[in-house]
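In: for reference, the sequence and a predicted model appear below.
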Amino acid sequence: MTSLRIMRNGVAAVALLAAMAAGAAAKEYRIAVGDGAGGTQEALGKAFVAALEKHSGGEDTATLFVNGQLGDEQDTVTAAATGTLDFSILAINNITPFSPTVGTLTLPYVILSLEDAEKLTQGEIGQEMVEQTIEDAGVRIIGWAYSGFRVLTNSKKPVTTVADLQGLVIRVPKNEIMIDTYKSWGINPTPMAWTETFAALQQKVVDGQDNPYMTINAMKFDEVQDYITNLRYIFSIEPLIISEQLYQSMTPEQQQAVIAAGEEATQFSAQFLRDQEAAIREDLVARGMEISDPANGEQEFMELATSTVWPKYYDSVGGKEQVDRALTTLGRDPAQ
Ligand code: MLT
């Protein structure tokens, strides 16, 4: 063997020993993203990958697979729990079926602003939800994307009152709280997986759906929907989750890098929404969508939903005390 080869082999052996001493080889993770490119989910994902590379000293990275390429949002929770998927970014309403206590975040009209969403997710209540979700669903929430209010879209007519809604076929996620909210408004919505929604709107299997401006834009729903109603019944929160199995297999340094990257991506997401939402709304109008506000400050929608849906879900989200705690954290009075 030449001395050069001996030297090269020696250098390779030292590098290998260093990697073994660090307890980990460089990693390339896969991140499922439910929405199309250009939305808040992808923005959170990109910020997370950049921060992960920084915090791991360039050792670890990840690839985003947008548009449900790695499966429907609810299916990615199961995949991550069983360790066949590393990370997923998805709407909180698609985690609720696996961990009901996060339902507080999808109860209609609990969160009334981005600031409310940040306060709940980044405070004590959010931390408890992280712990509960690990226990219930086998996934750990390490970051939060904030996407704005879920406004209603449809292809038939302007909607400003509960009466206008009657007769419309509206797609909702497979989420009991959201299904019951529409029932409180007098219609029986159609629960459907997110990956099937665009085609269903296009083929007019359903007339409408609700999601934030940012998502409507990322999914190009303006191509198949004409009318928007500015409902504010749910502020869309979209967590970044990691498989708990994967997390537990990491070194403490890797875990720290992942957590720090998730926190940075969360801060980025809030700013992204503040910077982008108004322009996206204008773009949707420029592309032909007509936007209306609900009549009477949305009072009718709000009263029907809160008076029937909240009491029905107190038990599953952890008791009325839990909802009251969220309300008082947001500076509001406990529920009647
Ligand atoms: C859904 O409607 O199923 C989700 O909220 C979509 C999303 O994640 O943007």
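Out: Looks like it came in fine. Residues are numbered from 1 along each chain as shown.
In: against residue 284, how distant is residue 140?
Out: Relative to residue 284, residue 140 is positioned 34 Å away (CB to CB, to the nearest Å). To be clear about C-beta, it is placed using only N, CA and C from the backbone, and glycine gets the same treatment.
In: same deal with residue 25?
Out: 45 Å.
In: just residue 47 next, same as before
Out: 24 Å.
In: cool, and residue 192?
Out: Distance from residue 192 to residue 284, by CB to CB: 22 Å.
In: ranges for the helices of this protein?
Out: Using DSSP state H, the helices found in the chain span residues 3-22, 40-55, 73-81, 114-122, 124-137, 162-165, 176-184, 197-202, 213-218, 244-249, 252-286, 299-317, 320-329.
In: mean neighbour count, the ones you listed: which tops it?
Out: helix 213-218 (a mean of 26; mean count of other CB atoms under 10 Å).
In: quick check: residue 178 touching residue 105?
Out: No: using CB atoms under 8 Å, residue 178 makes no contact with residue 105, being 11.9 Å away.
In: OK, contacts around residue 105?
Out: Contact partners of residue 105, counting by CB atoms under 8 Å, 6 or more residues apart in numbering, are 92, 111, 117, 120-121, 129, 237.
In: so how far is the ligand from the closest residue to residue 276 other than its chain neighbours?
Out: Closest residue to residue 276 apart from its sequence neighbours, by CB to CB, 6 or more residues apart in numbering: residue 214 at 6.9 Å. Using CB to the nearest ligand atom, to the nearest Å, one gets 9 Å for the distance from residue 214 to the ligand.
In: isn't residue 214 right next to residue 42, touching?
Out: No: using CB under 8 Å, residue 214 makes no contact with residue 42, being 10.0 Å away.
In: burial count for residue 147?
Out: Neighbours of residue 147 under the rule other CB atoms under 10 Å: 29.
In: so who does it touch?
Out: Neighbours of residue 147 in contact, by CB under 8 Å, 6+ apart: 39-41, 91, 211-212, 214-215, 236-238, 273.
In: hmm, residue 313 and residue 103 touching each other?
Out: Yes: the pair residue 103 and residue 313 passes the contact test of CB under 8 Å, sitting 5.9 Å apart.
In: anything in contact with each of these two?
Out: With CB under 8 Å, 6+ apart as the test, residue 103 and residue 313 both reach residue 177.
In: for the closest residue to residue 53 other than its chain neighbours, give me its contacts.
Out: Nearest residue to residue 53 in three dimensions, chain neighbours excluded: residue 61, at 5.3 Å (CB to CB, 6+ apart). Residues near residue 61 by CB under 8 Å, 6+ apart: 27-29, 49, 52-53.
In: can you tell me the closest non-neighbouring residue to the closest residue to the ligand within the chain?
Out: Residue nearest to the ligand within the chain: residue 91 (3.1 Å; CB to the nearest ligand atom). Leaving aside its chain neighbours, residue 91 sits nearest to residue 238 (5.1 Å; criterion: CB to CB, 6+ apart).
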